[in-house]
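> sharing a model prediction with you, sequence too.
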Amino acid sequence: MQTYQALAKTVKINEKNRLICFDDSLEHVGTGRSAFVFRIKSTMRAMKVYFPAFEYLAKEETEIYKKLQDFTYYPSVYDSGSNYVVMDYIEGHTLFECLSRGENVTLAYIKKIDYALSLAASRGLNPSDIHLRNIIITFTGETKIIDVARFRQTKHCRQWQDLKKAYDKFYCKRLFPKKIPVPFLNLIASLYKKGWIGF
């Protein structure tokens, strides 16, 4: 297998942040606001390659993950470079996927997420940008938090507190549907981001 740096160089992204090509040993598994994520085939490792305008986040996110390395709620980092980070590949479903598939999100998971975020805060970090796609419930029932690039921002982020309020106010109600269609989840996220709804 090529070195991680050589693999990262095979990922070509155009000026519109569209993925052009990548090595056959990579499997594209996700796209975020600032990066593409690949599974390195035949391994349990993932490579996050940042869009050209967001390459500075590679160093930032690596430094944050290193502060969290001894907490099992966060992936371990194995390598990084000017535009990429290599970390654990986590098998499971995001909270977004759990809701869209009708998989029950229990209060125990919410408490685990709270605890994981408190551990980050204990390291002087400010957990931010916590949303349904950044939290994974593994197939063995563990809770993992990914995408920590904004954990050092100084402004107060209410996203997780608002998600917990929505959980208590709506999801926990006996008659509330546990399987929520993807278009509806996306609509709620869009309206929340615009500040048109709150909890």
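All right, it came through fine. Numbering: from 1, shown residues only.
> give me the longest helix you can find in this structure.
The longest helix of the chain (DSSP state H) is helix 107-122.
> avg pLDDT for that one?
Taken as a whole, helix 107-122 has a mean pLDDT of 97.
> just the CA trace of stretch 13-23, in CSV.
The C-alpha trace of stretch 13-23 is given here as CSV (Å, rounded to 0.1, in the frame of the first residue of the first chain):
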residue,chain,number,x,y,z
ILE,A,13,-10.7,18.1,-6.1
ASN,A,14,-11.6,20.9,-8.6
GLU,A,15,-12.2,24.6,-7.9
LYS,A,16,-15.9,23.9,-7.2
ASN,A,17,-15.0,21.3,-4.5
ARG,A,18,-16.1,18.4,-6.7
LEU,A,19,-14.3,15.1,-6.4
ILE,A,20,-12.5,14.3,-9.7
CYS,A,21,-10.6,11.1,-8.9
PHE,A,22,-8.9,9.0,-6.2
ASP,A,23,-6.8,5.9,-5.8
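> pull out the buried positions in that stretch.
For stretch 13-23, a neighbour-count test (16 or more other Cβ atoms under 10 Å) marks 13, 17, 22-23 as buried. Glycine gets a C-beta too; all of them are placed from N, C-alpha and C.
> could I get the residues you listed in JSON lines, plus columns for distance to Gln69, pLDDT and secondary structure?
Formatted as JSON lines, the buried residues of stretch 13-23 follow (distance: Cβ to Cβ, whole Å; pLDDT from 0 to 100; DSSP: H, G, I helix; E, B strand; the rest coil):
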{"residue": "Ile13", "distance to Gln69": "28", "pLDDT": "97", "secondary structure": "strand"}
{"residue": "Asn17", "distance to Gln69": "30", "pLDDT": "95", "secondary structure": "coil"}
{"residue": "Phe22", "distance to Gln69": "27", "pLDDT": "97", "secondary structure": "coil"}
{"residue": "Asp23", "distance to Gln69": "27", "pLDDT": "97", "secondary structure": "coil"}
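> between those residues, which sits nearest Thr31?
Nearest to Thr31 among those is Asn17, at 8.9 Å by Cβ to Cβ.
> name all residues that make contact with the closest one.
Taking Cβ atoms under 8 Å, 6 or more residues apart in numbering, we find Asn17 in contact with 51-53.
> what strand or helix carries the residue of the chain most remote from its centre?
Among residues of the chain, the one most distant from the C-alpha centroid is Leu175; the distance is 29.4 Å, by Cα atoms, centre = their mean. Using DSSP states H and E, Leu175 sits in no helix or strand.
> local confidence estimate at it?
92.
> can we start the residue count at 172 from this point?
Yes, from this point I'll number from 172; that puts the last item at Leu346.
> which stretches in this structure count as strands?
183-184, 190-192, 197-202, 206-211, 216-221, 248-251, 255-259, 263-265, 306-309, 314-316 (DSSP state E).
> give me the number of residues near Phe225?
For Phe225, the tally of surrounding residues (other Cβ atoms under 10 Å) stands at 17.
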